[in-house]
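# sharing a model prediction with you, sequence too.
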Amino acid sequence: MSLGIFIDNTSADDMVSAEGLALPMSNGEFLIDSRYDLDNELATFEANGIPTAESNKIIVPPIEPSTTVNTGWWSAAISDEDGDIDFTMQVTFEDGNGNPAVHTSALTVYTDGPDVLEAEVIFSKNGVQTSVTPTYHYGYFVASGAYEYDSITIRITKLDAPYRHIRLTELEFGDSITISPTKLTNRIVYIDEIDPLQQGLPMRELDFDLINVNGDYDEDNPNTHFDRLAIGNPITLSYTLCGSADQNYAKYTVPMGRFVLAERGTKDGCLSVTAYDTRWYLGQMCNAWSISTSEDLGTTLDRLLTALEIGHVIEEDVYLVYPTVNHSFDTGTTVLDDVQRVAQAYGLTIIPNRVGTIVVGTDYSDDEYGTIPPNIQFSWPESSQMNRYNFIDIMYGSGHYTRDLRSDVNAARVVLSVNNSLIGTEANAITVCNRVAGRLYSKAVKVEWAGDPAIDLGDSAGVYSMWSLNGTAEVYKTIKRQITFDGMLTEETTFIK
């Protein structure tokens, strides 16, 4: 299990220059993501500074291996007979307006050739410097911790070989902890859920326990890892899987998203950790902002999330959505509550993608996963408790728009109510009602199976029951997943139709 920590996904975008005495073959542009490509987001997380769990090394080979040495940064300096070398390189960061851009992260420096034995990383912010002695590994070294910077200086002073240049092949703005199964209890749970009726905005959750009988995570341990798991620190989860026989048992890594450590506590020789997706930050912020009928929601939300320094993507359709009321949000509510109300009123989805960037769109994923093989199902579909709504009541302004869906008018009403002051007109209420009515479901089932981390919420999947093995699998929509690792991977999935 690899936990990405102290990561800033935007640093690479703002890196504008690399300076230092280098050989002519050097190319600073290749210092960022030079070696590997992403393939449908099934990646090594190498692009985010997180070596995968297999011996803390990259698993997936280069898709298109470089045939030239013109990658990375070659030192002009050469080590002496004792391996001593004097090599310094500085990288700087600017925003789109040419101003210094401040970021916060660790730094992982990948190298090629001899290994680095001694180095110094200097993080500078507004001229104030913080010097860090990195930890050294085969092929890379890490300055771990959350440091603020608008420039970084890397100074290498000793290699493990004489008369050699050193090549920096890649810079990654983050660090990771690779935790072996012997350090984990049997409790690693990933939970992901969507509410298609938009009555709430459930967050992804990650729960796990670290064995702490030796005090590795005690606060008073001089060599503690406790500070790496501070509240608010990012954690990135990925699963490394082995393909089937027809895939030559190839290993691949599936990113599950970026989380924020929200709760931790020690008990019975364990450190229990709970983390939520990056929307957690919005739940900690109480900012004043507003929406206006004269500005589309794409522009408004882009400005809001940019000001809050939340990584995000606004899909094109959102720029076509305009509020039907003017409204100012005050500091009495969290930004998470505010955007949930906006999403409900105007049909938006606000969901992080697999690298943790919040994506604002107008609908859920609608891909076809295929059929779950019955031989990896551990249970047949079991009915899940649900409300079977037959009456919709949408409040707007001072009025109500209702729709009776009962086939028998004498049947008891099961009412789905939406009370949202951002729904300003009857036309807006009708739009909300149509959307909700189109997403009502009459059946919900749970299935426990071997699982597949690559399936997305909203995807369609075929599921066999005991009575359909010789027939056709029933197709459902995926709305909730709970993946548990306890030496093997299992998944409980909730489907609707």
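Happy to help now that I have it.

# any idea how many residues pack against residue 413?
13 (other C-beta atoms under 10 Å). Placement of C-beta: from N, CA and C, glycine included.

# same question for the one 10 residues further on.
Other residues within reach of residue 423, judged by other C-beta under 10 Å, total 27.

# hmm, residue 388 and residue 415 touching each other?
No - using C-beta atoms under 8 Å, residue 415 is not in contact with residue 388; the gap is 11.5 Å.

# residue 431 belongs to a strand, doesn't it?
No - assignment of residue 431 by DSSP: H, G, I helix; E, B strand; the rest coil gives helix, placing it outside any strand.

# could you measure residue 375 against residue 91, distance?
Noted for residue 375: a distance of 52 Å to residue 91, by C-beta to C-beta, to the nearest Å.

# higher neighbour count, these two?
residue 91 (22 against 8).

# that one: what secondary structure?
Counting by three-state DSSP, the backbone at residue 91 sits in strand.

# that one pairs with what?
Taking DSSP bridges as the rule, residue 91 bridges to residue 18, residue 152.

# now do the contacts for it.
By C-beta atoms under 8 Å, 6 or more residues apart in numbering, the contact set of residue 91 is 15, 17-19, 28, 31, 151-152, 154, 171.

# dump the residues you listed into a markdown table; add neighbour count, pLDDT and distance to residue 311 as well.
Below are the contacts of residue 91 laid out as a markdown table (neighbours: other C-beta atoms under 10 Å; pLDDT from 0 to 100; distance: C-beta to C-beta, whole Å):
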| residue | neighbour count | pLDDT | distance to residue 311 |
| --- | --- | --- | --- |
| 15 | 22 | 87 | 16 |
| 17 | 11 | 81 | 23 |
| 18 | 23 | 82 | 23 |
| 19 | 13 | 84 | 27 |
| 28 | 19 | 67 | 24 |
| 31 | 23 | 69 | 21 |
| 151 | 21 | 96 | 21 |
| 152 | 26 | 96 | 20 |
| 154 | 24 | 96 | 25 |
| 171 | 25 | 86 | 19 |
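
# looking at those, which is nearest residue 313?
Closest approach between those and residue 313, by C-beta to C-beta: residue 15, at 20.2 Å.

# I figured that closest one hits residue 90, correct?
No - applying C-beta under 8 Å, one finds residue 15 not in contact with residue 90, separated by 11.0 Å.

# how far does stretch 305-320 stretch from start to finish?
With C-alpha to C-alpha, to the nearest Å applied, stretch 305-320 spans 18 Å between its terminal residues.

# is residue 466 in contact with residue 377, as I believe?
No - using C-beta under 8 Å, residue 466 is not in contact with residue 377; the gap is 10.1 Å.

# more crowded one of the two?
Remark: of residue 466 and residue 377, residue 377 carries more neighbours, 16 against 8, as counted by other C-beta under 10 Å.

# that one contacts residue 448, correct?
Yes - under the criterion of C-beta under 8 Å, residue 377 is in contact with residue 448, at a separation of 7.4 Å.

# kindly export stretch 12-23 (C-alpha atoms) in PDB.
In PDB, the C-alpha atoms belonging to stretch 12-23 read as follows (Å, rounded to 0.1, in the frame of the first residue of the first chain):
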ATOM      1  CA  ALA A  12       4.900  21.300 -12.100                       C
ATOM      2  CA  ASP A  13       2.500  23.600 -14.000                       C
ATOM      3  CA  ASP A  14       4.200  26.700 -12.500                       C
ATOM      4  CA  MET A  15       7.800  25.600 -12.800                       C
ATOM      5  CA  VAL A  16       9.200  28.200 -15.300                       C
ATOM      6  CA  SER A  17      13.000  27.700 -15.300                       C
ATOM      7  CA  ALA A  18      15.900  25.400 -14.300                       C
ATOM      8  CA  GLU A  19      19.300  27.000 -13.900                       C
ATOM      9  CA  GLY A  20      22.700  25.500 -13.200                       C
ATOM     10  CA  LEU A  21      25.900  24.500 -14.900                       C
ATOM     11  CA  ALA A  22      24.800  21.700 -17.200                       C
ATOM     12  CA  LEU A  23      26.000  19.800 -20.200                       C
END
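
# please enumerate the strands of the stretch 51-200 of the chain.
Per DSSP state E, counting those that start in this stretch, the stretch 51-200 of the chain carries strands over the ranges 73-74, 84-93, 103-112, 116-125, 128-132, 135-137, 140-149, 151-159, 167-172, 175-178, 184-193.

# how much space between residue 484 and residue 232?
26 Å.

# ok, the two, which is more surrounded?
residue 484 (18 against 11).

# would you mind measuring from the more buried one to residue 435?
33 Å.

# just residue 299 next, same as before
Counting by C-beta to C-beta, the gap from residue 299 to residue 435 is 22 Å.

# between these two, point out the one with more neighbours.
For residue 299 versus residue 435, the count of surrounding residues by other C-beta under 10 Å is larger for residue 435: 16 against 13.

# just give the closest residue to that one, not the sequence neighbours.
Excluding the flanking residues, the one nearest residue 435 by C-beta to C-beta, 6 or more residues apart in numbering is residue 347, at 5.5 Å.

# now do the phi/psi pair for residue 420.
phi -140, psi 110 (degrees, to the nearest 10).

# need the contact list for the closest residue to residue 406 other than its chain neighbours.
Leaving aside its sequence neighbours, residue 406 sits nearest to residue 390 (C-beta to C-beta, 6+ apart; 4.6 Å). By C-beta under 8 Å, 6+ apart, residue 390 lies in contact with 404-406, 411, 413-414.

# out of the residues you listed, what pair is the most spread apart?
404 and 414 (11.3 Å).

# overlap of the contact sets of the two?
Shared contacts of residue 404 and residue 414, counting by C-beta under 8 Å, 6+ apart, come down to 390-391.

# relative to residue 371, how far out is the closest residue to residue 443 other than its chain neighbours?
Counting by C-beta to C-beta, 6+ apart, residue 443 lies nearest to residue 497, which is 5.1 Å off, once chain neighbours are set aside. Distance, residue 497 to residue 371, by C-beta to C-beta: 15 Å.
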